[in-house]
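> Following is a predicted model, sequence given first.
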Amino acid sequence: MKVTLIPVTPFQQNCSIVVCETTGRAAVVDPGGEVERIISAVEQLHVTVDKVLLTHGHLDHCGGAKALADHYGVEIHGPHAEDAFWIDQLPAQSKRFGFGDAQAFTPDRWLQEGDSVQFGDETMEVYHCPGHTPGHVIFFSRANRLALVGDVLFAGSIGRTDFPRGDHSDLVRSVRDKLWPLGDDVTFVPGHGPTSTFGHERRTNPFVADRMNA
Ligand SMILES: [Zn+2]
Ligand SMILES: [Zn+2]
């Protein structure tokens, strides 16, 4: 599996193109906007987009989902249904933040804990990680030791919880109970900023390091 990051929107959100190298099939995770840039990156990679995957319902992660899914004629999978109230607000939010015209949509498939998503020969496990938003999910490739975690965890930080239905203790529990068990060796792509590993964050992250447990 190969990953290409394209920071999109004024929030520099890490849209990821994940590619099954055996089949050339790809999924686009969190296309928040700048759909033309994402399409030209896909063209340069010479891959076929199978589906659009979403970690959560925030504008900078799914503002371009409908336009991109329509362009390729593919389905949108995710996030968890608890984020429907965020997706419903997309058109209003995109006006407010000057993002152009994000379209509302209903995902073809809501995801939940224990689900998996496929593209080509690759499978990613789905974990429900509420806290930043109530319907946030993360994607984990066990074979590639790689997780796409949206705004749950960042290098040196964690997601904001001051939004409607955000919850700090839920978020910390999501990181400790869902992410850490996947393994210290797992590299993760956060929604914003540089990649890191779970092991490094367990040692150093001021919000969720193991020593903060004491
Ligand atoms: Zn977010
Ligand atoms: Zn974000």
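Great, that's in hand. The shown structure was predicted, so the numbers you read here are calculated from the model rather than taken from an experiment. Ligands and ions are numbered 1, 2, ... in the order given.
> What parts of this protein come near ligand 1?
For the chain, the residues in contact with ligand 1 (Cβ under 5 Å from the ion) are H58, D151. No exception for glycine: its C-beta is placed from N, CA and C like everyone else's.
> tell me, which helix in the chain spans the most residues?
helix 35-45 (DSSP state H).
> Restricting to C-alpha, output it in PDB.
Taking C-alpha atoms only, helix 35-45 is exported to PDB below (Å, rounded to 0.1, in the frame of the first residue of the first chain):
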ATOM      1  CA  VAL A  35     -11.100  18.700  -5.700                       C
ATOM      2  CA  GLU A  36      -9.200  19.700  -8.900                       C
ATOM      3  CA  ARG A  37      -5.900  19.300  -7.200                       C
ATOM      4  CA  ILE A  38      -6.900  15.900  -5.800                       C
ATOM      5  CA  ILE A  39      -8.000  14.800  -9.300                       C
ATOM      6  CA  SER A  40      -4.700  15.800 -10.900                       C
ATOM      7  CA  ALA A  41      -2.700  14.000  -8.200                       C
ATOM      8  CA  VAL A  42      -4.800  10.900  -8.900                       C
ATOM      9  CA  GLU A  43      -4.000  11.300 -12.600                       C
ATOM     10  CA  GLN A  44      -0.200  11.600 -11.900                       C
ATOM     11  CA  LEU A  45      -0.400   8.400  -9.900                       C
END
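> Which positions within it qualify as buried?
Residues V35, I38, I39, A41, V42 are the ones in helix 35-45 that count as buried (16 or more other Cβ atoms under 10 Å).
> residue boundaries of the helices in this protein?
Under DSSP H, the chain gives helices at 35-45, 59-62, 65-72, 84-88, 90-96, 168-174, 198-204.
> hmm, which helix or strand of this protein has the shakiest average pLDDT?
helix 90-96 (a mean of 88; mean pLDDT, DSSP states H and E).
> That one packs against which elements?
Here helix 90-96 touches helix 59-62, going by 3 or more Cβ pairs under 8 Å, 6 or more residues apart in numbering; DSSP states H and E.
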